[in-house]
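In: Generate coordinates for the sequence data below:
(4 chains)
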Amino acid sequence: MRYLPLTPDDRAAMLAKVGAASIDDLFVDVPAGARLAGPIPGLPNHQPEMLVERELTRMAAKNMAAGAYPFFLGAGAYRHHVPASVDHLIQRGEFLTSYTPYQPEIAQGTLQYLFEFQTQVARLLGMEVANASMYDGSTAMTEAIFMARRITKRPKTVISCGVHPQYLRAAETLCHFTGDELVMGVPTICCTPPTEDLADVIAQIDDQTSAVIVQNPDCFGHVADLTELAAACHAKGALLIVVVTEVVSLGLIKSPGEMGADIVVGEGQSLGVGLQFGGPHLGLFACNSKHVRQMPGRLCGETVDADGRRGFVLTLSTREQHIRREKATSNICTNSGLMSLAFSIHMTLLGEKGLRQLAALNHARACETAERVSAIPGVKLLTERFFNEFAVQLPVPARAAVRDMAEMGVLGGVSAERLWPDLPDLANVLLITATETVSPADIDALVRALTEVVSK
Amino acid sequence: MRYLPLTPDDRAAMLAKVGAASIDDLFVDVPAGARLAGPIPGLPNHQPEMLVERELTRMAAKNMAAGAYPFFLGAGAYRHHVPASVDHLIQRGEFLTSYTPYQPEIAQGTLQYLFEFQTQVARLLGMEVANASMYDGSTAMTEAIFMARRITKRPKTVISCGVHPQYLRAAETLCHFTGDELVMGVPTICCTPPTEDLADVIAQIDDQTSAVIVQNPDCFGHVADLTELAAACHAKGALLIVVVTEVVSLGLIKSPGEMGADIVVGEGQSLGVGLQFGGPHLGLFACNSKHVRQMPGRLCGETVDADGRRGFVLTLSTREQHIRREKATSNICTNSGLMSLAFSIHMTLLGEKGLRQLAALNHARACETAERVSAIPGVKLLTERFFNEFAVQLPVPARAAVRDMAEMGVLGGVSAERLWPDLPDLANVLLITATETVSPADIDALVRALTEVVSK
Amino acid sequence: LEEPLIFEIGSTDVTGVDLEDAPAHASRLGGLTREAAIGLPGLAEGEAVRHYTRLSRQNYGIDLGFFPLGSCTMKHNPRLNEKMARLPGFADVHPLQPQDSVQGALELIHSLAEWLKTLTNMPAVAMTPKAGAHGELCGMLAIRAAHEAKGDARAVVLVPESAHGTNPATAAFCGYSVESIPANARGRVDTDALLARLGPDVAAVMITNPNTCGLFEPDLKRIADAVNAAGAYVYCDGANFNAIVGRVRPGDLGVDAMHINLHKTFSTPHGGGGPGSGPVVFSEALAPFAPLPFVVEQEGRFHLVEEESASAEDHGQSFGRLSAFHGQMGMFVRALAYILSHGADGLRQVSEDAVLNANYLLRSLDDLMTAPFGGTGPCMHEALFDDSFLKDTGLTTIDMAKALIDEGFHPMTMYFPLVVHGAMLIEPTETESKARLDQFITAMRAIATAATNGEGERFATAPHYAPRSRLDETRAARQPVLSWQG
Amino acid sequence: LEEPLIFEIGSTDVTGVDLEDAPAHASRLGGLTREAAIGLPGLAEGEAVRHYTRLSRQNYGIDLGFFPLGSCTMKHNPRLNEKMARLPGFADVHPLQPQDSVQGALELIHSLAEWLKTLTNMPAVAMTPKAGAHGELCGMLAIRAAHEAKGDARAVVLVPESAHGTNPATAAFCGYSVESIPANARGRVDTDALLARLGPDVAAVMITNPNTCGLFEPDLKRIADAVNAAGAYVYCDGANFNAIVGRVRPGDLGVDAMHINLHKTFSTPHGGGGPGSGPVVFSEALAPFAPLPFVVEQEGRFHLVEEESASAEDHGQSFGRLSAFHGQMGMFVRALAYILSHGADGLRQVSEDAVLNANYLLRSLDDLMTAPFGGTGPCMHEALFDDSFLKDTGLTTIDMAKALIDEGFHPMTMYFPLVVHGAMLIEPTETESKARLDQFITAMRAIATAATNGEGERFATAPHYAPRSRLDETRAARQPVLSWQG
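Out: Numbers count the residues shown, from 1 in each chain, chains lettered A, B, ... in the order given. Just a heads-up that it's a prediction; the model follows:
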């Protein structure tokens, strides 16, 4: 066993030291009915590294890896080019194999990058404070609902129809048991333009409203000015929670903080992390300083050591479960440490200059794709103002179109039906994303494939 | 430019400090005829990382990667499974981006692993001393010829017909200019059994013979007992140089040192390094202590620091070009540092126990392959005693057989003609290697493919 | 040498990436352009590599040495697993690709699920929870859903006082009130007190086994039977599964739900605080309530069951979705690589060696340090000490921990579990060699001897040989500086 | 903390790999079994990872900081290049696979060859040399072959005294006698002396440009013309190509052969001493003698010309083969990735920034430290100082170097070139930022000031903050211990 260093001689010597005749003596507390004489039946024994690699490589090869095909999926997970140095650096053993930095004297590496990460995220989202990451964007949104409730002591949350439906489902699941009330918009093809939806949302705000949640760009790609909504929330004493699933957009469009958000949650996988078939991703969570003690999750803060040198520690942990137990702001313990490092390195490589260029390139590719796709007979562009993602109405069911395009070697988008299976009105809607990874040839391939499937 | 940190402002400030009006002022010594006003014509400008990756990935995809097909090539480069931790560790920036350890106080990492490597190599080859690596096995062999000449002051080297022909060609090239005389055996199908060839070699030894070179296992896979040859060399005052191209064999067969070799050179790519399309590989070089001052290449030795702590330094550098200039033992400067690290890590993971298991598994796979292949009608096994590589006589030209098998998705071996194009007698000889990476299904595929091509 | 912050060395004019020029195009942003400076500094690639390489060197990780942090299972992270998780067929796949295009990814999830079910002898597993605490939430939601399905609203969850803080936090998070059950003198849950508290208001018992004292709960099966008989469910915190993996199946102990920390037992790296992954196995009783999505196999084809078929009867009672997408794929790949590498025989050896190592430490130190439950028999995978032996020395558990840093080790877990005073919880894991344990024992004995001999005053200001001396945590909390303001 | 040797911590009974059991089979070894113990210790994977991780931390690399080692071009090594070199289509390909199965690999070699020819304005290139010195050998063998083809045996090679030691060593290695040409007071080769020495016995002149003082040889074209007119050839040592890459083409300066250190100019990592790669570009006169094998393109298909077609006229005059197989593929991939990333414009910027950085250092230090040729005008990519300013301080160049270690920098090259006394050769490369250079300047000025003010006695025993203090090199050479004997 390549990972187990004890030799038979070691084991014998150690059993002697312990005073046990055999290893079984150390498991005496296990009731007889649960004792197994040998390895668990029905499972194979250990395998050489080479064979394990072969087996997993076989499974991996059965998947269409995004990089090998023209690729236009988004809807909450975005494919961007991640510089090779990011993955190299996060594999440094001192980062990869360290634990939560509970011993700050020997964890300044982790703590300093978390402090840098918090600052980058806060600035990117336009907020004062960000935490050291959450599991992902969807769970961060649910946490934001509870945080708003703790602040406002009100029961109701109004959610725009443009919020990612799987985020909504996750919130619904929990709120069903906690008793938090959710008022959710239902997207329709005609309701999707953001201004109309925002008017609907504003109309729902009352004095029982704890928070309003809106996604920007929303799940159809719409980009909206939220300033008025923020004012409407604040007028009623409610908080504005903004969800950002595509953080690259913030290199080009105004940040939630600049538009008046009180809490911003986001999915950070666009930078550094990659698609990962959905996980691990990276939850972002930011607010303004006055609410920080109601914020869930881990926080890193600056301080000094006994010799007066600057250093960093986990702080405000009296909010957390390991101290507060059932009175904690959240049960969250693990964060996405390594993913926040990847995000932070990617962001550092980009810098503001690179981020703005990247965002501009994404927008240009998406504009070109939208123009080309909407020129296909029968295809109608539904999203007028967007960043790198937009919706089109097809003359055929989008789900079949996606499947047929995949068979032609084009990963052509996400059918709205996959996300909103209960809304037949959206059955012909296709969500298309074009990032910087899309080449002109990829756009040609998409247009060819889509032209063929809509004319079937 | 992502790798260039100077900003336009920096450049302006620095030019001012330097007292130059423009960058051109710093190139005033370049004659007018060689000055270019702009970038060199005929070449593209810089490209984003993503596009460079795309272009190189395109090229890589045009090759049949060995791991994706049943693979049976050897003949001087062997495919073994390298544990994933090896490549992880050699990418530690402190190893990867360090230089030759000329400042030992801050290079103990490199120096200690070189010391460990030298010890591992010496033990593996059965010799007293090994150097810190050479370019590859073939250049190491040429260096051994010159080293023997420096020791014996004799002009002639006798080389067995079983030595890898490209090693021989490399030696011939240099000896043509240095005046060293080479007497080379010519392999024939009937001469290949090692005892007969060794008798021929022994017959060639005279008092002008500086050294005899023999490869073990030889290029046809033959394994030979060299004890008698060593005695014959020593009786005439000549040195025995043994070449090992497959170091894994030394987990199972007697080492050159145990059989009386004076100098052992080898190719170490089998451990840690991989195929690499032929480079970088790893030259091994070992001898006994009494000859160490005639040895080429870098050496690491143990010493103490000013505080009495054990430490390591490059030593005996008065042999080397940077000190001795035209009187150096070799012009070699660069070694294969990173490859020697990979080798050493792989060897440390194996340990003696793992090496012996690995060698046994290779031998078993090769025996099975030989049995199956030689059962194909018309195919005759030429190598009776072998480790993991053997030659077979086909009823058809081997070169075409190899090509046809490749078209069927089987990388089925190396045709002898590829190595000895001037020996038509060997045109139907195929060299087949089976390492631990060969699965039973791979053997089946080889047998199917070979059966088909020989019956064409 | 100190490493400055990126904000002190980077510039918003510098970038470490090159991008194609964006083709000229009319903006479709509707004028919502971000114009104000953002304040994100950039570094050229070389300087970025240096910054993070240098930062990393201020960290301690398993790769550098022994990391006996109790309850955290800091075992070696095999590098094969990292390599496999980076195969484009796993890492570069979108969660919403058509299912025909991700059959290998679904097969992997399914295959890991089958292993987890067999290893625990439990009939169902939820793969989507993103960490241990998320798994607890998943398990408790299933319990709530099961009670709700029976129309039997119950409000109370019983939690032993030795539980991880996440247990009560989770129970509270999903709306339960929490009551604590004391430990007995042998460091186990007080079975009588627990059974006495059962009743129609008790929804569930959350129990950790092996427990947070590193001891096996011998009464668990009896408790489980009684809990089930009282109409409640047993949630088992699986954080300590490493002690019994491959040797004891929790399903044989009667538990109804248990999360498995893939980043502990199955060695996906902790990464400085995550990501984790916390699949939850379920008993027959809770299986119908498992969350969406999940993977089913039908004739060699793998199908991801999502909301779209929410009306189908196969998951009609599912309590819903825990998060977007399908779980921590990157962790699944690593865990399966680990499991296939070890196999049934290797996993059994894992638990045996983990337990042997812990007992070896316990018996090599308990003459010098007080082991509160050392007299009750062998421990499982952790050796627990308390600070009784430091009485009158002026030194505390934290001083012992910081002194260990100066010896080149990561400290043990301090002040947890709460059931003993000044706890020191040492978990060696199975990937430590005897030689490494002996090194640690030597250091620990020297520290303990110095402490009790009155020669430990230097420990009160330790560490002396770390990148930082003790940090002022009070100042950090009183005047929080949570982002760079320079 | 000290890291023991593997021989002190490993065991021949421990292995860090698992292998399939070898199927039972009759041995075909003829009884030549290795029976005696070999003495190779093994470590489980976790302990092996620790050993090498801990060793690495005793090293200094570019990734940790400034590495101004003159003549070595220690620039940032982009990580993309590492990633590309590991693509299975490059790394897991056998050199003797059928050519149809390696078209991409051959295309890459061909593509890099075309870049090198265009960048140097030279008509041919040999790709197989495995390092700079091997490239020199390749170039000198081509020169010998060219003379031999003319029936004109010439015995002498002229080498400036400032040359790298490899130059005379190489010339001697392939059978030439070496004569040294002095430098002039401006740090360049003494052109008159060189021209005066030309004659029918001179086979070649080996010259480095920019030279080892970091200065451009302004007379090179004139020298080359005279050398060619005298029937000899000019070999240019390309070690310092980084100073002019993308800006000056050596072919325009009349050289006949020049090696290019891919591990310097094109940033393949030095790896603690290799591997390198040293392609050699040739003039028309030498091109026919280039070694085997090489790649040619025919209608989009790439063909590797090996010995098998040695009778074909396209390489009938080749001097033969330098080594087995086709060269350092892994380095080719990295170099091409580097070249494509920079492009023609980026490479020009490389040389400009490398030269600007060196001049900035020169002019920021030459008031405190003596720059022997500082008065002759700008330097190229290196700033050269000597030890005159240390006169009467009792300190030497080596003390300055070791003092720099304590400041967190790798020292410059010491005592080379030999044409000045106590040389200190500083090569910053283009990948250092101005901020980093300013840090270095500050440290260097502090050291130089202390040294000249008589406050430098601590430098004589430096480094004080490194993993080791000064090592006893004499003892290592007198009583060589070259392997572990424990």
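
In: Which residue ranges of the stretch 201-350 of chain A form strands?
Out: A:209-215, A:239-244, A:263-267, A:283-287, A:300-304, A:310-314 (DSSP state E, counting those that start in this stretch).

In: These: which one's closest to chain C?
Out: strand A:300-304 (3.9 Å; Cβ to the nearest Cβ). For every residue, glycine as well, the C-beta is placed using N, CA and C.

In: Just give the strands next to the closest one in its sheet, each with its orientation.
Out: The pairing partners recorded for strand A:300-304 under DSSP bridges are strand A:310-314 (antiparallel).

In: Alpha carbons of the partner strand, as CSV, please.
Out: Taking C-alpha atoms only, strand A:310-314 is exported to CSV below (Å, rounded to 0.1, in the frame of the first residue of the first chain):
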residue,chain,number,x,y,z
ARG,A,310,1.7,43.1,10.6
GLY,A,311,-0.1,39.8,10.5
PHE,A,312,-3.4,38.3,9.7
VAL,A,313,-5.9,36.2,11.7
LEU,A,314,-9.3,34.7,11.4
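
In: just how off-centre is it within its chain?
Out: 27 Å (Cα atoms, centre = their mean, to the nearest Å).

In: before we move on, what about stretch A:47-64?
Out: The mean C-alpha position of stretch A:47-64 is separated from the chain mean by 27 Å, Cα atoms, centre = their mean.

In: The strands of the stretch 201-350 of chain A: which one's closest to A:V453?
Out: Taking Cβ to Cβ, strand A:209-215 is the member of the strands of the stretch 201-350 of chain A nearest to A:V453, at 28.6 Å.

In: Contact partners for the closest residue to chain D within the stretch 151-300 of chain C?
Out: At 10.2 Å from chain D, C:S267 is the closest residue in the stretch 151-300 of chain C, using Cβ to the nearest Cβ. C:S267 makes contact with C:75-78, C:81, C:334-335, C:338 under the criterion Cβ atoms under 8 Å, 6 or more residues apart in numbering or on different chains.

In: Now a ChimeraX select for only the buried ones of these.
Out: In ChimeraX, a selection of the buried entries from these looks like this (16 or more other Cβ atoms under 10 Å in any protein chain shown):
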select /C:75,76,77,78,81,334,335,338
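
In: Over the helix or strand containing A:E368, what's the mean pLDDT, rounded is fine.
Out: Taking DSSP states H and E as the criterion, the element that holds A:E368 is helix A:337-374. Averaging pLDDT along helix A:337-374 gives 97.

In: hey, which helix or strand in chain A has the poorest pLDDT?
Out: Least confident helix or strand of chain A, by mean pLDDT, DSSP states H and E, is helix A:321-324 with a mean of 72.

In: Put together JSON lines for the strands of the stretch 201-350 of chain A, with mean neighbour count on each row.
Out: Shown next, in JSON lines, are those (neighbours: other Cβ atoms under 10 Å in any protein chain shown):
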{"stretch": "strand A:209-215", "mean neighbour count": "26"}
{"stretch": "strand A:239-244", "mean neighbour count": "27"}
{"stretch": "strand A:263-267", "mean neighbour count": "29"}
{"stretch": "strand A:283-287", "mean neighbour count": "30"}
{"stretch": "strand A:300-304", "mean neighbour count": "22"}
{"stretch": "strand A:310-314", "mean neighbour count": "24"}
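
In: Does the helix holding A:E368 reach chain C?
Out: Yes. For helix A:337-374, a contact with chain C is found by Cβ under 8 Å from any Cβ of the partner chain, at A:337-339, A:341, A:345, A:347-355, A:357-358, A:360-361, A:363-364, A:366-368, A:370.

In: Summarise which helices and strands that helix is packed against.
Out: helix A:84-90, helix A:93-96, helix A:108-125, strand A:380-381, strand A:389-393, strand A:429-433, helix A:440-454, helix C:45-56 (3 or more Cβ pairs under 8 Å, 6 or more residues apart in numbering or on different chains; DSSP states H and E).

In: Any idea which of the ones you listed gets closest to D:D63?
Out: helix C:45-56 (4.5 Å).

In: So is the helix or strand that the closest one is followed by next to chain B?
Out: Downstream of helix C:45-56, the first helix or strand assigned by DSSP H and E is helix C:79-85. Yes. Using Cβ under 8 Å from any Cβ, helix C:79-85 reaches chain B at C:79-80, C:82-83.

In: which residues sit against helix C:79-85?
Out: By Cβ under 8 Å, 6+ apart, helix C:79-85 touches A:49, A:52-53, A:56-57, A:60, A:91, A:96, B:83-85, B:87-88, C:90-91, C:267-269, C:330, C:333-335, C:337-338, C:341, D:45, D:49.

In: can you pull out the helices in the stretch 1-150 of chain C?
Out: C:6-9, C:45-56, C:79-85, C:88-91, C:103-120, C:132-149 (DSSP state H, counting those that start in this stretch).

In: With mean pLDDT and distance to B:G301 added, can I get those in CSV?
Out: Below are the helices of the stretch 1-150 of chain C laid out as CSV (pLDDT from 0 to 100; distance: least, Cβ to Cβ, whole Å):
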stretch, mean pLDDT, distance to B:G301
helix C:6-9, 96, 40
helix C:45-56, 98, 30
helix C:79-85, 98, 32
helix C:88-91, 98, 45
helix C:103-120, 98, 50
helix C:132-149, 95, 51
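
In: could the ones you listed be laid out in CSV, adding distance to B:P421?
Out: Output for the helices of the stretch 1-150 of chain C, formatted as CSV (distance: least, Cβ to Cβ, whole Å):
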stretch, distance to B:P421
helix C:6-9, 59
helix C:45-56, 46
helix C:79-85, 39
helix C:88-91, 40
helix C:103-120, 44
helix C:132-149, 65
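
In: Figure out which of those is closest to D:P291.
Out: Per Cβ to Cβ, nearest to D:P291 of the helices of the stretch 1-150 of chain C: helix C:45-56, 34.9 Å.

In: Could you pick out the residues of chain A near chain D for me?
Out: A:1-5, A:7, A:9, A:46-49, A:51, A:83-85, A:87-88, A:93.

In: filter the residues you listed by proximity to chain C?
Out: Okay, of those touching chain C (Cβ under 8 Å from any Cβ), that's A:1-5, A:46-47, A:49, A:83, A:85, A:87-88, A:93.

In: Make TSV out of those and add pLDDT and neighbour count.
Out: Listed next are those as TSV, based on pLDDT from 0 to 100; neighbours: other Cβ atoms under 10 Å in any protein chain shown:
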residue	pLDDT	neighbour count
A:M1	89	20
A:R2	96	28
A:Y3	97	25
A:L4	97	24
A:P5	96	28
A:H46	97	22
A:Q47	97	20
A:E49	98	26
A:P83	98	28
A:S85	98	26
A:D87	98	18
A:H88	97	22
A:G93	97	25
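
In: Now do the buried residues in stretch C:171-187.
Out: For stretch C:171-187, by 16+ other Cβ under 10 Å, it's C:171-176, C:178, C:181, C:183, C:187.

In: can you map out the helices along the stretch 151-300 of chain C?
Out: C:166-173, C:191-197, C:220-229.

In: Quick check: mean pLDDT of the last one?
Out: In this model, helix C:220-229 has an average pLDDT of 97.

In: Is it in proximity to chain A?
Out: Yes. Residues of helix C:220-229 contacting chain A under Cβ under 8 Å from any Cβ: C:220-221.

In: Just the CA coordinates for that helix, please, in PDB.
Out: Extracted in PDB, the C-alpha atoms of helix C:220-229 (Å, rounded to 0.1, in the frame of the first residue of the first chain):
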ATOM      1  CA  LEU C 220     -25.000   3.300  19.500                       C
ATOM      2  CA  LYS C 221     -26.900   0.400  18.200                       C
ATOM      3  CA  ARG C 222     -29.000   0.200  21.400                       C
ATOM      4  CA  ILE C 223     -29.600   4.000  21.300                       C
ATOM      5  CA  ALA C 224     -30.500   3.800  17.600                       C
ATOM      6  CA  ASP C 225     -33.100   1.100  18.200                       C
ATOM      7  CA  ALA C 226     -34.600   3.100  21.000                       C
ATOM      8  CA  VAL C 227     -34.600   6.300  19.000                       C
ATOM      9  CA  ASN C 228     -36.300   4.700  16.100                       C
ATOM     10  CA  ALA C 229     -38.800   3.000  18.400                       C
END
